[in-house]
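Asker: Can you look at this prediction? I've put the sequence above it.
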Amino acid sequence: MGAPVAAQAQAPATPKSGTAKKPAGPAAQEADRWPLRSVFLKGSKLFSVEQLMALTGLKLETPVGKEDFDKARDRLYETGCFDAVAYAYEPAAARGIQLTFEIGDVEQRGEWRIEGLKLDRKEYAARAAKTLTMFGPVIPLTEVYGRRMVALAETMLKEHGDNEAVIVKFEAGLKEGVVAVLRSKTPPPNIAEVLFKGARTVPGPEVQKAMAGVAVGTPWDELMFRTFLETTARALYDAYGRLGAKFIAITTEPSKNRPGVAVTVTVDEGPVYKLKRLDIAGAPIREEEVNALGGDSFKSGGTANLSEIGRGMGKVIARLKEIGYLKATYHAVKQIDDEAKTADFRIEIEPGALYKMGRLDIDGLDFESEPVIRKMWAMKPGDAYRGGYPEMFLAQVKQRGVLDYLGATHAETKVDDQQAVVDVRLTFNGGPQKLDSRPRDRKGNLEQPLPGPRAF
């Protein structure tokens with residue numbers, strides 16, 4: 001806003017920031033104080049000229065000096081709504097002063113909430129709207145503004161006989177941006193137990209157990225608890241096709257069973273959604289194999305069970321890694337039709353590079369045993385690398401008794417992501433023969449020595 005507040009209309013001269021020119025002629029009222037003829041307020045996009053003028057506390061035609069301008073600047077800063085305030089002044093007509101303010105609004109703004117305080121949100125909002133500049137659902141997120149919110153909260157608490165100290169924290173919101181949170185200065189109690197009301201389709205003990213595993217023992221924080229709900233409880237309801245489940249209320253009270261608070265969640269499970277359509281694209285294997293791996297979870301018409309779909313996709317990704325796509329991933333996009341109570345899913349598979357078998361190194365075998373193991377090894381250099389094959393190979397060597405006196409074995413892989421090549425090192429260690437049940441003659445010699453390589 002650049003329009004002037006002036007006693008007389010006039011075009012402003014461009015001031016030099018941080019400088020001032022004394023008006024010519026004798027002092028109007030006293031030394032270094034002159035009548036304020038006009039004020040220009042520039043830069044703010046959120047406040048009108050009239051609002052800004054009121055915030056400065058300055059009055060036209062009253063004697064003013066630099067001390068008054070400093071106080072006006074401080075008043076603007078003290079609102080917490082501006083991150084830059086500068087002024088300059090110079091002579092005006094009729095032996096007065098022309099003042100110009102350059103003002104920058106605080107750009108970071110966000111919502112606010114109250115946690116754990118005995119304050120009614122509506123009552124607090126009504127009082128804050130009268131005492132805090134530009135208070136509303138969205139506020140400036142500055143330390144200055146936060147301190148003013150804290151002062152008001154403590155004043156209101158004292159009016160009800162509560163001397164609790166209050167702090168403000170600027171935290172990342174779950175869906176919104178940064179949020180100003182008013183809470184007690186005393187550290188919050190830990191969550192002792194989690195209870196659910198309205199849980200029918202998903203058994204209450206099941207969802208309570210899942211939430212207890214992530215929430216119990218952590219300090220009570222509503223935002224963090226809602227994050228737990230979205231990442232843990234939500235998955236359970238999605239598994240039952242309750243894609244529209246809502247956590248409509250969260251209340252806390254001292255736990256009767258253990259130190260801390262009991263958190264009670266009231267849930268509206270909503271209706272069951274059906275899987276209308278599932279499209280899977282980008283798989284480097286046949287569609288029939290993808291559908292076979294997914295089984296019933298990929299079939300349309302049934303319950304939209306996201307957990308089952310996820311397990312099916314886990315099998316698909318595991319299969320891709322078995323055939324060399326070691327970095328295979330996927331992402332899903334869902335579209336929900338709340339009226340029809342159906343859901344469509346499109347899953348894009350990103351297989352990544354096809355990794356090849358590189359060098360095979362074998363440690364711990366003698367010159368007779370190593371060729372036998374190499375011959376058993378199925379992957380040749382340049383073949384598609386089979387994820388998990390080294391571990392399976394070593395297990396088969398042990399199971400088939402290929403090596404006598406075999407102890408611990410170990411497979412180590414070295415992956416070159418740039419060349420998409422995997423080198424493998426197999427380590428064989430000898431071990432004591434705890435029990436030898438092979439048939440022997442009267443002298444203790446083996447009747448039929450078993451052929452085969454030995455591990456050293």
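Answerer: Noted; the coordinates are in hand.
Asker: How about the closest residue to Ile323 other than its chain neighbours: which residues does it bridge to?
Answerer: The shortest distance from Ile323 to any residue that is not its chain neighbour, by CB to CB, 6 or more residues apart in numbering, is 5.8 Å, and that residue is Ala384. Bear in mind the C-beta positions are built from the backbone N, C-alpha and C, glycine included. The residues paired with Ala384 through beta bridges, assigned by DSSP bridges, are Lys356.
Asker: Test my guess that Ala384 contacts Pro351.
Answerer: No - between Ala384 and Pro351 there is no contact under CB atoms under 8 Å: 11.9 Å.
Asker: Can you pick out the residue with more neighbours from those two?
Answerer: A side-by-side neighbour count of Ala384 and Pro351, using other CB atoms under 10 Å, places Pro351 first with 20 against 14.
Asker: Pull the contacting residues for the more buried one.
Answerer: Under the criterion of CB atoms under 8 Å, 6 or more residues apart in numbering, the contact partners of Pro351 comprise Gly282, Ala283, Pro284, Leu320, Tyr325, Lys327, Ala328.
Asker: All the strands of the stretch 1-150 of the chain, residue numbers only.
Answerer: Secondary structure of the stretch 1-150 of the chain, counting by DSSP state E, counting those that start in this stretch: strands at 4-6, 34-42, 63-64, 82-92, 96-105, 109-114, 139-140.
Asker: Indicate which one of these is closest to Ala420.
Answerer: Among the strands of the stretch 1-150 of the chain, strand 109-114 comes nearest to Ala420, with 45.2 Å by CB to CB.
Asker: Give the helix, strand or coil label for Gly382.
Answerer: Secondary structure assignment for Gly382 (DSSP: H, G, I helix; E, B strand; the rest coil): coil.
Asker: Name the nearest residue to it, ignoring sequence neighbours.
Answerer: Lys356 (5.5 Å).
Asker: Please apply the same query to Asp279.
Answerer: Arg346 (4.7 Å).
Asker: what about the one you found, how many residues close to it?
Answerer: Neighbouring residues of Arg346 were enumerated by other CB under 10 Å; the total is 14.
Asker: Hmm, Ala332 and it touching each other?
Answerer: Yes - here Arg346 reaches Ala332: they are 7.1 Å apart, a contact under CB under 8 Å.
Asker: where do the helices sit along the stretch 201-350 of the chain?
Answerer: Shown for the stretch 201-350 of the chain, the helices assigned by DSSP state H, counting those that start in this stretch span residues 204-215, 222-228, 234-239, 287-294, 306-322.
Asker: now for those helices, which one comes closest to Val179?
Answerer: Of all the helices of the stretch 201-350 of the chain, the one in closest proximity to Val179, counting by CB to CB, is helix 222-228 (7.4 Å).
Asker: Pull the distance from the closest one to the chain's centre.
Answerer: In terms of CA atoms, centre = their mean, to the nearest Å, the gap separating the centre of helix 222-228 from the centre of its chain is 11 Å.
Asker: Quick check: mean pLDDT of it?
Answerer: In this model, helix 222-228 carries a mean pLDDT of 87.
Asker: Now do that helix: everything it contacts.
Answerer: Residues beyond helix 222-228 that count as contacts (CB under 8 Å, 6+ apart) turn out to be 113, 115, 171, 173-174, 179, 181, 191, 211, 214-215, 218, 247, 250, 263.
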